[in-house]
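Novice: From the sequence below, what's the structure:
(one chain, ligands or ions: 2)
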Amino acid sequence: MASRRTNLALLALLIITFLTGLLSWAIGSSLDRWIVIAHGVAGLAIVVLAPWKGVIVRRGLARRRPGTGTSIAFGVLVVTSIAAGLVHVTGIVRWVGPFSPLGIHVATAVGALVVGIVHVVQRPVRPRATDLSRRTLLRSGAVLGLGAVGWLSAAGVLRLVGAPGADRGITGSLEHGSGTPADMPVTQWFNDAVPRIDLSTWRVQLLQGTRQLSVDQVAAFGDTLHATLDCTGGWYAEQDWSGARLDRLLEEAQGSSILVRSVTGYSRRFPRSDASALVLATHAGGEPLSSGHGAPARLVAPGRRGFWWVKWVSAIDVDDVPWWWESPFPLT
Ligand code: HEM
Ligand code: HEM
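Specialist: Ligands and ions are numbered 1, 2, ... in the order given. Here you go, the predicted model:
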């Protein structure tokens, strides 16, 4: 395969893996299964192209020039990312120091995006009309087909050896602590840390503080819900959560969205119409939440990834800001 086309194919595959990876994090619906499979297939198709890219790399490295360092850094990041993705998929190694393999996978992929843009700018490849020939399409199909074969073989091997990764959820997350909340890992979005909160003085401020409830008052609503917390760090757990449904807390308050804020300053917005599906939980599995899992109260947002499940809730308000008026992923 011409090296120009190999590089173009890699570019297309990198874009696909990056977008499907991000989508798999953003959504929490049944569509995730297909997005995650497409992600795995495209990711493995990059591995399929490795022998061809190897030839390009050897030739490129023989001619040292500005940009070689960037190319090598890009290579290291992509290889680490793919290796960490595969380690996650096995489910055998859950932590590498304080990091999950999936965390390493995503962090190095984001690093690779930045360095990769520089690489492509420094080593530009111009597409030609003939790149859309039948032959190229057939080859592209073959590369993706081999990626799919790789994905299916990996799934088969995991099943055969009984690796924990064989039972990954539809988002690719591994089961961890279902039914036993104390076993769930404690994770939060980047720079948040577990705050110290005095349960006896804590009050959740509802609707600009016009209503304040203690932890016992929230618990007294007794609304229960069986829901799966699926963390973007790569694990999920099913629990029985209990507390107060947001439609009961917010009653008739009018507005287009609900803003749920944490003591830490972290916040997420939801459509007003979701209120009856959301629970401000004080308990999981019949036990009060631990600090790490969001005590005194955390949000339970079924069908949404973990970063929507705001912990250590301090305030819940309704206003007219559209629910989508926030960064798709939290920035802090
Ligand atoms: C899996 C992703 C990729 C990795 C890990 C990677 C890595 C590398 C490395 C280590 C080199 C050799 C050092 C150098 O010449 O600077 C190289 C060369 C090169 N890469 Fe990439 N690259 C990737 C994707 C791409 C893409 C998407 C493009 C462009 C669309 C591209 C275009 C080039 C070109 C034009 C060369 C120089 C080849 C030569 O001078 O003979 N690469 N790449
Ligand atoms: C350079 C970009 C990326 C590459 C090359 C890549 C590649 C891969 C590969 C090869 C796997 C293993 C797939 C399997 O065998 O099933 C994987 C898994 C995974 N990646 Fe990525 N990835 C990239 C970026 C991302 C990003 C940005 C995210 C999320 C924000 C992400 C999320 C995931 C998830 C959730 C899995 C687990 C999927 C499963 O369990 O089947 N990836 N990735």
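Novice: quick one: is the helix or strand where residue 40 lies near ligand 2?
Specialist: Per DSSP states H and E, residue 40 falls inside helix 32-48. Yes. Judged by CB under 6 Å from any ligand atom, helix 32-48 comes into contact with ligand 2 at 36, 39, 40, 43, 44, 46. Every residue, glycine included, has its C-beta placed from N, CA and C.
Novice: The residues you listed into CSV, with extra columns for pLDDT and neighbour count?
Specialist: Listed next are the residues of helix 32-48 next to ligand 2 as CSV, based on pLDDT from 0 to 100; neighbours: other CB atoms under 10 Å:
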residue, pLDDT, neighbour count
36, 96, 20
39, 98, 23
40, 98, 24
43, 98, 25
44, 98, 25
46, 98, 20
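Novice: Once you drop chain neighbours, what's closest to the residue in the stretch 201-332 of the chain positioned nearest to ligand 1?
Specialist: Of all residues in the stretch 201-332 of the chain, the one sitting closest to ligand 1 is residue 234 (22.5 Å; CB to the nearest ligand atom). Leaving aside its sequence neighbours, residue 234 sits nearest to residue 102 (CB to CB, 6 or more residues apart in numbering; 3.2 Å).
Novice: Helix, strand, or coil at the one you found?
Specialist: Assigned with DSSP: H, G, I helix; E, B strand; the rest coil, residue 102 falls in the helix class.
Novice: what's around it, how many residues?
Specialist: Residues within reach of residue 102, counting by other CB atoms under 10 Å, total 22.
Novice: contacting residues around it?
Specialist: Residues near residue 102 by CB atoms under 8 Å, 6 or more residues apart in numbering: 84, 85, 88, 172, 233, 234.
Novice: Dihedrals phi and psi, the residue in the stretch 51-200 of the chain positioned nearest to ligand 2?
Specialist: At 2.5 Å from ligand 2, residue 172 is the closest residue in the stretch 51-200 of the chain, using CB to the nearest ligand atom. When read as degrees, to the nearest 10, the backbone of residue 172 gives phi 90, psi 0.
Novice: cool, residue 241 as well?
Specialist: phi -100, psi 150.
Novice: Can you pull the poorly scored residue ranges out of the protein?
Specialist: Along the chain, segments meeting pLDDT under 70 span 1, 27-28, 190-191, 332.
Novice: For it, which segments count as helices?
Specialist: 3-26, 32-48, 50-62, 68-90, 101-122, 134-160, 215-219, 246-250 (DSSP state H).
Novice: What residues of the longest one count as buried?
Specialist: Neighbour-count burial for helix 134-160 flags 136, 140, 143, 144, 146, 147, 148, 150, 151, 154, 155, 158 (criterion: 16 or more other CB atoms under 10 Å).
Novice: and if you look at the last one?
Specialist: By 16+ other CB under 10 Å, the buried positions in helix 246-250 come out as 246, 247, 249, 250.
Novice: picking that back up, surely the residue of the stretch 51-200 of the chain closest to ligand 2 meets residue 88?
Specialist: Yes. Judged on CB atoms under 8 Å, residue 172 makes contact with residue 88 at a distance of 7.4 Å.
Novice: And the two? Which one has more around it.
Specialist: Set residue 172 next to residue 88 and count neighbours by other CB under 10 Å: residue 88 wins out with 26 against 23.
Novice: my read: the more buried one touches residue 96, true?
Specialist: No. If you go by CB under 8 Å, residue 88 and residue 96 don't touch, sitting 10.2 Å apart.
Novice: who in the chain is up against ligand 2?
Specialist: Going by CB under 6 Å from any ligand atom, the residues of the chain near ligand 2 are 14, 17-18, 21-22, 24-25, 36, 39-40, 43-44, 46, 78, 81-82, 85-86, 88-89, 102, 105-106, 109, 112, 151, 154, 168, 172.
Novice: on that earlier part again, okay, the nearest residue to the residue of the stretch 51-200 of the chain closest to ligand 2 once chain neighbours are set aside and residue 20: tell me how far apart.
Specialist: Leaving out its chain neighbours, the residue that sits closest to residue 172 by CB to CB, 6+ apart is residue 36, at 4.8 Å. Residue 36 is 7 Å from residue 20, where distance means CB to CB, to the nearest Å.
Novice: Please apply the same query to residue 257.
Specialist: Residue 257 is 28 Å from residue 20, by CB to CB.
Novice: for residue 12, same thing?
Specialist: Note on residue 12: its distance to residue 20, by CB to CB, is 12 Å.
Novice: rewinding a little: ok, which pair from the buried residues of helix 246-250 is furthest apart?
Specialist: Greatest spatial distance in the buried residues of helix 246-250: 247 and 249, 7.5 Å, computed using CB to CB.
Novice: what sits against residue 240?
Specialist: 224, 225, 226, 284, 285, 286.
Novice: could you redo the last one with a cut-off of 6 Å?
Specialist: With contacts taken as CB atoms under 6 Å, 6 or more residues apart in numbering, residue 240 has the following neighbours: 224, 226, 285.
Novice: Going by proximity to ligand 2, name the top residue of the stretch 201-332 of the chain.
Specialist: For the stretch 201-332 of the chain, CB to the nearest ligand atom, closest residue to ligand 2: residue 234, 6.4 Å.
Novice: So that residue is in contact with residue 101, correct?
Specialist: No. Assessed by CB atoms under 6 Å, residue 234 is found out of contact with residue 101, at 7.2 Å.
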